[in-house]
Structure formats: C-alpha cells, structure tokens
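S.K.: I would like the atomic coordinates for the input below:
(one chain, ligands or ions: 2)
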Amino acid sequence: MRITNYGHSCMGVRTAGHDLLFDPFISGNPLAKAVDAAHIPVTEILVTHGHGDHVLDAEAIAKRSEATLISNYEIASWFEKKGVQRTIGLNLGGGVTVGKLRVKYVIALHSSELPDGSYGGNPGGFVVSGPEGAFLHAGDTALTQDMQLLKRFNLKFAMLPIGDHFTMGVDDAIIAAQYMGVQKVIGIHYNTFPPITIDTAKAKAAFAEAGLELLLPEIGTTIEI
Ligand code: NI
Ligand code: MN
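M.R.: Ligands and ions are numbered 1, 2, ... in the order given. The predicted structure follows:
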C-alpha cells in the first residue's frame, strides 16, 4: 500500500487498484499550500465526519473526479443534495464492498456537525480491508475501549489523531494502538492549528518507548507499507 500525506487528516491510500482519499481538507490548510488538490488521483472519497476540516474540498474533488463519496448516511445525503453523483451512506457497524475492498464504518467518539449547521450523523472511522491487508483511518476520536474490537481485522497500520485538544493526544493514541494490536501508526490531525501543535520528536519517542512506530511523513510525500 502507498500512503500519501496531504495534510491534517487528509490521506491518500493506493491499494488494490483503488486510490482512496480520506477527509479532503487542503485548500483551507496553511500547511498544504504545495498540494495540488485538482490533480490528486482518487476513485473513492471517504469522509469520517462532518467537520469543515474533514469535508472542505470533498465536493469539488468528487465533482471533478466522479469518485464515489463514502460516509455516514447523513453526510452522504448532504453531498448528494449538492450534486455529488455517486454516494454511499453507511451507518456505524455497517460496511460496503467497493471493487476489491471492504469498507466498514466504525465507532469514533467525537461530534459531527456539517459546516452549514446541518446534522452530520454520528462520527466514525473506516476499516478498509482488501488483498493487500487491512488498515484503519480513525477520523477524529477520543480513546475508547471499543477500539479493542478492531483487533479482529489484523490491521497492518492505523492512522490515528495525535494532536490533542479536539481528539486524543499522543498518550491515548498509544493505548489505542495497543487496543487495536497495531505496531505501526501514522499520525494525523496535528500541527495544523495552534491548539493541536505538538512536539513531534517527543511523540515519536513516546511511541518507541511503548514498542510502537509512529510515522509522520511530510505533507506531500508518500510512504510504502
Ligand atoms: Ni472533528
Ligand atoms: Mn477535526
């Protein structure tokens, strides 16, 4: 799998011929100025919850790419009303098979209002499983014991928020990784805004001390897992 960091929680994952794009928030991210949202390859857009820092560029990217937008039912319906042609609206615990992949919407402990004040349903994360293995994009979440249920997916890695303030921080993300049984974590949702600015060297050291690996690829770069 090839994972590209587009900043904040916006991550691209190339696997099994799919180009998944999670939580598009590029044009509003001061750290992602070098990212060209108009040319990101994308076959499916996965939106974890309704907050602006996760949905901002989803409509424009969906319209130019004709990618399928997958989210919860309320968010999928909201985008449908905006003219996004292909949407799939899940709810917690439910999944869908898309091509070679199984996409499952799993619990996140957070909130989910859409930018215009519309109800954004329950927030979630996505477990994606396919021929190259399974992984999690956790969206925005607190630490919750439900994460122990994700062990059964044998996740190769998890993208977890580590920025604190609006989501769990480093210490809780370490426990989350242990609950899920993942050794490799890609940090998301940090450094974009002053309240979620963290010491990345300290974060990596804390993960290492727990026997885990924290990967923090630079914005615009791609890693292989
Ligand atoms: Ni949020
Ligand atoms: Mn957020």
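S.K.: Establish whether stretch 21-32 and ligand 1 are in contact.
M.R.: No: for stretch 21-32, no contact with ligand 1 is found by CB under 5 Å from the ion; the gap never falls below 9.2 Å. C-betas here are computed from N, CA, C, even on glycine.
S.K.: send the alpha carbons of that stretch over as CSV?
M.R.: Presented in CSV, the C-alpha positions along stretch 21-32 are these (Å, rounded to 0.1, in the frame of the first residue of the first chain):
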residue,chain,number,x,y,z
LEU,A,21,-8.8,9.8,-0.4
PHE,A,22,-9.7,10.4,3.2
ASP,A,23,-11.1,13.6,4.7
PRO,A,24,-10.2,16.2,2.0
PHE,A,25,-9.1,19.4,3.7
ILE,A,26,-6.5,21.0,1.5
SER,A,27,-7.5,24.5,0.3
GLY,A,28,-8.0,25.6,3.9
ASN,A,29,-4.8,24.1,5.3
PRO,A,30,-2.0,26.6,5.6
LEU,A,31,0.5,23.7,5.7
ALA,A,32,-0.8,22.1,2.5
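S.K.: number of nearby residues for F135?
M.R.: Neighbour count for F135, taken as other CB atoms under 10 Å: 25.
S.K.: should've said G130
M.R.: By the criterion of other CB under 10 Å, G130 has 21 neighbours.
S.K.: Could you check the pLDDT of it?
M.R.: Listed pLDDT for G130 reads 98.
S.K.: That one and N122, how far apart?
M.R.: Look at G130 and N122: by CB to CB, to the nearest Å, they are 25 Å apart.
S.K.: Please apply the same query to A76.
M.R.: In this view, A76 and N122 are 13 Å apart by CB to CB.
S.K.: do the same with D199
M.R.: According to CB to CB, D199 stands 32 Å off from N122.
S.K.: the more surrounded of those two?
M.R.: Neighbours per residue, other CB under 10 Å: of D199 and N122, the larger number sits with N122, 19 against 12.
S.K.: I figured the more buried one hits S112, correct?
M.R.: Yes: counting by CB atoms under 8 Å, S112 is a contact partner of N122 at 6.3 Å.
S.K.: so what sits against both of those two?
M.R.: Counting by CB atoms under 8 Å, 6 or more residues apart in numbering, the residues touching both N122 and S112 are N72.
S.K.: Now M168, what are its backbone angles?
M.R.: Per-residue torsions, M168: phi -70, psi 160 (degrees, to the nearest 10).
S.K.: what about it, how many neighbours?
M.R.: Residues near M168, counting by other CB under 10 Å, number 25.
S.K.: so who does it touch?
M.R.: 141-143, 160-162, 176.
S.K.: got the phi/psi numbers for the residue nearest the centre of the chain?
M.R.: The centroid of the chain falls nearest to H137 when counting by CA atoms, centre = their mean (3.9 Å). Backbone geometry at H137, expressed as degrees, to the nearest 10, gives phi -110, psi 110.
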